[in-house]
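A.B. asks: coordinates only, sequence not included:
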């Protein structure tokens, strides 16, 4: 390994700790400091691009100018128990000097840390008003209260809201003695709200438990609040049914090891080469993605997501999480386990995180890397010779998984051998439920377990694609396939259709249009494909998934402009990573998100462009989503479009997998296929009596 | 095995041959017979359903009434070389008696058989006018002419077209001596048209070779017609580049064998149970699909597809294949190979096919069955205990692959452990190209290889879902998620949204509507989910893929009504299997397809309904699609929606896969992750000189 870190390497423990000391030196002399995060500030693109381009051609030497290594530090200066000042400092890692700092306006709130979530539960449980509210419920013997901290959401118009945290409350059955008994089946209809700094419970919101017949009113709250609820266990030892015994092992075995090569955070696989980054807010990030030496992407990341709930009853207008901005996908990342989260040969990556005292800690196995087989990659059978040439579709998967209290997301970046990059999201975990009166149903959700109403909601994701199609100067083109009028001169039989391209010249948004096959092409207008003569490009078809349903005048909608259009094309600006704005926690509107970036109305033609793609899932829960929901999968496919001069996977060997085998006779109740059957007996109708059940 | 075949078992060889003899007896006395196909006529639903329901509860005995076993026979009675009469007979397999027959109106043409395709090539090559046309080209030494037979497509308005076959012509480089040299890179601009019965070449159509500047005119045909073309090899020994050597083996190993059980055509796996059928037209068909004893589907099949080409120049208005109706997916099915077409433990199924003389023949391995891992199935991590419960998503795949001259489709029905059924299509093979003058580009396609224009086209598929959600009496509901106005009474904060259901009462079509999250639910209105109180249902979200682009007044559009809407709901009718009508070959309009079925305006509420889903791919080829295209994948997800009373996969064991392993050090150039790196040197700036290239 090199004596120097790569400019894109996340901070090491030693680096992080030295930055902490620098902050304590310059900001902590007279103040207590509460650290939120310390992580690499990526170098300005201009500097970094020059370095990466030199590096890609092997021309970096000790004399090559290197971008300064800068850490970004987010922390509170604790002025009093009522007032923390949220600050950000940039520190030169090498010199330890603070190169910039800013105090964040009180209008904005920092993202919640794991520590703040933990503190909420502790203080809430001890709070007299909370205890009083709980005492109103007649919880059965053996049940205890369990609180899931949540971001407060967007305050209502005119509401004064200092830094708040709220909690969703449940009862947990402790009678089994099993700490993993699922409390989500026993929802309690109160939400305590805490002042995050003073730790005072400022309010306890009461939740409606009514159904169709109750409109927005509260319904018939009753003392025995969970008497009509039932267990919702998912850990094997508490299930009321036995586990399946007929799932025989399916192993992925790679006798010669993986096909990838790792050097620190540099990953090379099947002509692909990229750097893995990890940030507290985004989780895994990909940098400097190249194929066979040619640049494809400068950076690829999940930028934001929002999960608004569609229940119009107060206070659910504030049930809207921004899981990247409010908390942080990197902070919420699971420590992955061998043989559970993926199969085959796995490489794990750790991340350096920040404790409240600023000290670095290691979160193990937050990202995993492995290969997988995704069926046939390409096939052709020559019907004249009967020779079939068939290749498998091998993929390299960079995966991380986040847990947000009840819910899980599995994110994966997948590379394939044909130049494709797929961004996949899987939604799983436990859907959010509220208490509903016995026997009632509701227009705002589905009763997924007795007394538990899973509220309708949406998941709206935004990925940020910072392309570098053979360099940073790119142009976005929207290509549509359109019907043509019938005309003797141009379309005499009506069989023709037109492929029309619209060049995006100024920053703008537009929506998916599957009925015109709208395809977003990111081209390099300066470089032509030698075969087709067209500009080299990558493309994707934006999914026409439903956009934000909340009313445009609602706080929910105002704080999530990014969730209201599928495609946003902006001019690159250093540090502009956040589709929903930098500060989402308790925001009342999106500030400096994609909508503001587009509003700059900048040139994006043959320029350094960024493409943002919003997609999502309107999730009206099924009973089958309980107690833990089967994955709902969504994929975005980035594909080369005249980037290469042929199918890049044409050199993938079509060799036969020698480990595959025929199903043994034991799995087949008869030893031969249908065609060998002796049909004589039934043709003549003289067969013996039979009972088909015996065969089933 | 049983002495009686199951009513859904495809015909055995013995059965098929006995039916042939019956036809020769009753129809072949004074006439030559050309057989097209002999296959099982599925019993009327009324009879079969009763039998299947009894069978599912183990109550079939030798006394149980069984549907008569009937064969359908399609054949030509050869009246003269100019006139074949196309006939269909239904024969009682047990008695050998013809129970019904019909002579097909001359307005309709039978599907093309493999034999007719073969004959076309032979007769065409020997035809003097064809030889003359070829002689006009100055083919280089070592090149021979190769013809791909195609259906004739829809004749123009007013055109007299008896049974025709046409051919797309290419030159093949024989100099390598390799029969698998790819001829598609050398397209010749002629299409011979043959009278299929007389074997006369009736016409040779000339193809335009022009580009943008030529409009619909011919361009500059030249004698050296392929001088500007180049090789397009894909078989390994002819590739100009070496195969990759860094794809290390990835084996799927199932040490305890598969988790499925096979009894003839009955397949059982993970609470699923269904029967596999195979027809000459559809390929693999699924019957009587049940989960844990409850019926889900009566029948699932691929009904039709059409591939219209968007090039308005004559004669491409007739370049429109209906690959199920014109030829037959079953007839075109590949004989699959172990270790190439899937990994793991494989069960293959053969099919009984029909030779021109009516004799049965066996086509080996036309369907394969295997299990695969599809990542995480569900996961939840309890953040309080850090216990993660994670299960894999195991799938059972029924796959078949068809080759249609240049092109391949991979079709799969996938079952999962959470009650889901996925229908997947993968498009691969070689895109259809025509010759284009040197240096030109065209609005009608993309130059994917020198001189080869891959024309823009669409693939429009239609799957036929014959549901049986806890029985055959079902109701289709279109469920949409809709914004609500802001109102003090109903939506004070604007956060609410409405889920609105529209019951389909009369047969009708409608289109996908992703922006309202339109979900098609197939319910059993007589059965309520015990948890949610809602009717038990399965659902799917119709993909809003682009529909047919051809002008509504075109022949192309008239013959493919099914390709003009995404969802069709019809009342079940025995034998009504064909979305585009029974006779597509040379059709000028769709007859008795889904549009006509909908036009009957029948009750479909709480009735025996059929749901047809059209989806597709507008394929404007990329250079990367040449010479063999990477798969383009599309999936339809049928999912339970309040059919079960919890996640059906909750009992899948979350056991750890013991065969997974950490990536060995050898794949990592350094022995530890970033966090252990000693950062001192660069913090102090005293590191040694380095050349990062040496590390890459």
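C.D. replies: Arrived safely, thanks for sending. Everything numeric here is computed off the predicted structure, so don't read it as measured data. Numbers count the residues shown, from 1 in each chain, chains lettered A, B, ... in the order given.
A.B. asks: now residue A:633: how far from residue B:207?
C.D. replies: 43 Å (CB to CB, to the nearest Å). For the C-beta atoms, the positions are set from N, CA and C on the backbone; glycine is no exception.
A.B. asks: between the two, who's got more neighbours?
C.D. replies: Using other CB atoms under 10 Å in any protein chain shown, the more surrounded residue of residue A:633 and residue B:207 is residue B:207, with 22 against 19.
A.B. asks: and the more buried one, what is it in contact with?
C.D. replies: Going by CB atoms under 8 Å, 6 or more residues apart in numbering or on different chains, residue B:207 touches B:189-191, B:218, B:313, B:315, B:434-435.
A.B. asks: List the residue ranges of chain A that fall below the pLDDT cut-off.
C.D. replies: Scanning chain A for pLDDT under 70 picks out the ranges A:1-3, A:666, A:668-696.
A.B. asks: Is the residue sitting nearest the centre point of it within a helix or a strand, and which one?
C.D. replies: Nearest to the geometric centre of chain A sits residue A:411, at 4.9 Å (CA atoms, centre = their mean). In this structure, residue A:411 sits in strand A:407-416 according to DSSP states H and E.
A.B. asks: Secondary structure class of residue A:16, three-state.
C.D. replies: helix (DSSP: H, G, I helix; E, B strand; the rest coil).
A.B. asks: From residue A:35, how far off is the residue nearest to it when sequence neighbours are not counted?
C.D. replies: Leaving aside its chain neighbours, residue A:16 sits nearest to residue A:360 (3.8 Å; criterion: CB to CB, 6 or more residues apart in numbering or on different chains). For residue A:360, the distance to residue A:35 (CB to CB) stands at 10 Å.
A.B. asks: quick revisit: give me the number of residues near the residue nearest to residue A:16?
C.D. replies: Residues near residue A:360, counting by other CB under 10 Å, number 20.
A.B. asks: list the contacts for whatever residue of the stretch 301-450 of chain A ends up closest to chain B?
C.D. replies: Using CB to the nearest CB, the closest approach of the stretch 301-450 of chain A to chain B is made by residue A:312 at 2.8 Å. Residue A:312 is in contact with A:216, A:444, B:484, B:490-493, B:495-496, counting by CB under 8 Å, 6+ apart.
A.B. asks: Return every residue with contacts to both of residue A:360 and residue A:35.
C.D. replies: A:20, A:354.
A.B. asks: What helix or strand is residue A:132 located in?
C.D. replies: Going by DSSP H and E, residue A:132 is part of helix A:128-135.
A.B. asks: follow-up on the earlier one: tabulate the contacts of residue B:207 (JSON lines), appending distance to residue A:55, secondary structure and neighbour count.
C.D. replies: Formatted as JSON lines, these follow (distance: CB to CB, whole Å; DSSP: H, G, I helix; E, B strand; the rest coil; neighbours: other CB atoms under 10 Å in any protein chain shown):
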{"residue": "B:189", "distance to residue A:55": "49", "secondary structure": "coil", "neighbour count": "20"}
{"residue": "B:190", "distance to residue A:55": "53", "secondary structure": "strand", "neighbour count": "22"}
{"residue": "B:191", "distance to residue A:55": "53", "secondary structure": "strand", "neighbour count": "23"}
{"residue": "B:218", "distance to residue A:55": "52", "secondary structure": "coil", "neighbour count": "14"}
{"residue": "B:313", "distance to residue A:55": "49", "secondary structure": "coil", "neighbour count": "26"}
{"residue": "B:315", "distance to residue A:55": "54", "secondary structure": "coil", "neighbour count": "20"}
{"residue": "B:434", "distance to residue A:55": "44", "secondary structure": "strand", "neighbour count": "25"}
{"residue": "B:435", "distance to residue A:55": "44", "secondary structure": "strand", "neighbour count": "25"}
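A.B. asks: in its sheet, what does the longest strand seen in chain A sit against?
C.D. replies: Criterion DSSP state E: the longest strand present in chain A is strand A:360-382. Paired with strand A:360-382 in the same sheet, following DSSP bridges, are strand A:345-354 (antiparallel), strand A:387-404 (antiparallel).
A.B. asks: can I get the ones you listed in CSV with mean neighbour count?
C.D. replies: Below are the strands paired with strand A:360-382 laid out as CSV (neighbours: other CB atoms under 10 Å in any protein chain shown):
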stretch, mean neighbour count
strand A:345-354, 23
strand A:387-404, 22
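A.B. asks: Same list (those) but as TSV, adding distance to residue B:67.
C.D. replies: Converted to TSV, the strands paired with strand A:360-382 look like this (distance: least, CB to CB, whole Å):
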stretch	distance to residue B:67
strand A:345-354	53
strand A:387-404	38
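A.B. asks: what comes up buried for the helix holding residue A:132?
C.D. replies: For helix A:128-135, burial by neighbour count (16 or more other CB atoms under 10 Å in any protein chain shown) applies to A:130, A:133-134.
A.B. asks: which residues in chain A form helices?
C.D. replies: Ranges of helices in chain A, per DSSP state H, are A:13-27, A:45-56, A:114-126, A:128-135, A:555-558, A:594-599, A:680-684.
A.B. asks: check whether stretch A:230-245 contacts chain B.
C.D. replies: Yes - applying CB under 8 Å from any CB of the partner chain, one finds stretch A:230-245 touching chain B at A:234-236, A:239, A:241-244.
A.B. asks: what's the span of that stretch, first residue to last?
C.D. replies: Start-to-end span of stretch A:230-245 (CA to CA, to the nearest Å) is 26 Å.
A.B. asks: Check stretch A:639-656 too.
C.D. replies: Start-to-end, stretch A:639-656 (CA to CA) is 27 Å.
A.B. asks: roughly how far is it from the heart of the chain?
C.D. replies: How far stretch A:639-656 lies from its chain's middle: 29 Å, per CA atoms, centre = their mean, to the nearest Å.
A.B. asks: likewise stretch A:139-146?
C.D. replies: Its chain's average C-alpha position is 34 Å from that of stretch A:139-146, according to CA atoms, centre = their mean.
A.B. asks: what does the stretch 1-150 of chain A have sitting close to chain B?
C.D. replies: Checking the stretch 1-150 of chain A against chain B by CB under 8 Å from any CB, the hits are A:1-6, A:9-10, A:12-15, A:18, A:55, A:58-62, A:69, A:93-94, A:96, A:146.
A.B. asks: what's near enough to touch the closest residue to residue A:196 other than its chain neighbours?
C.D. replies: Excluding its sequence neighbours, the residue lying closest to residue A:196 (CB to CB, 6+ apart) is residue A:163, at 4.1 Å. Residue A:163 makes contact with A:84, A:109, A:195-197, A:586, according to CB under 8 Å, 6+ apart.
A.B. asks: now residue A:485
C.D. replies: For residue A:485, the contact set (CB under 8 Å, 6+ apart) comprises A:491, B:551.
A.B. asks: what do you get for residue A:609?
C.D. replies: A:467, A:474-476, A:522, A:569-572.
A.B. asks: Out of those, grab the one that's most surrounded.
C.D. replies: Result: residue A:474 is most packed of the contacts of residue A:609 (other CB under 10 Å), 31 neighbours.
A.B. asks: what pairs with that residue across the strands?
C.D. replies: Note on residue A:474: beta-bridge partners residue A:607, judged by DSSP bridges.
A.B. asks: What of residue A:381?
C.D. replies: With DSSP bridges as the rule, residue A:381 is bridged to residue A:388.
A.B. asks: Counting neighbours, what do you get for residue A:536?
C.D. replies: With other CB under 10 Å as criterion, residue A:536 counts 25.
A.B. asks: actually residue A:264, not the one I typed
C.D. replies: If we define neighbours as other CB under 10 Å, then residue A:264 has 22 of them.
A.B. asks: list the contacts for residue A:515?
C.D. replies: Contacts of residue A:515 (CB under 8 Å, 6+ apart): B:544, B:546-547.
A.B. asks: if I look at residue A:126, how far off is residue A:147?
C.D. replies: 11 Å.
A.B. asks: Residue A:98 too?
C.D. replies: The value you get for residue A:98 to residue A:147, if CB to CB is used, is 38 Å.
A.B. asks: before we move on, what about residue A:487?
C.D. replies: 69 Å.
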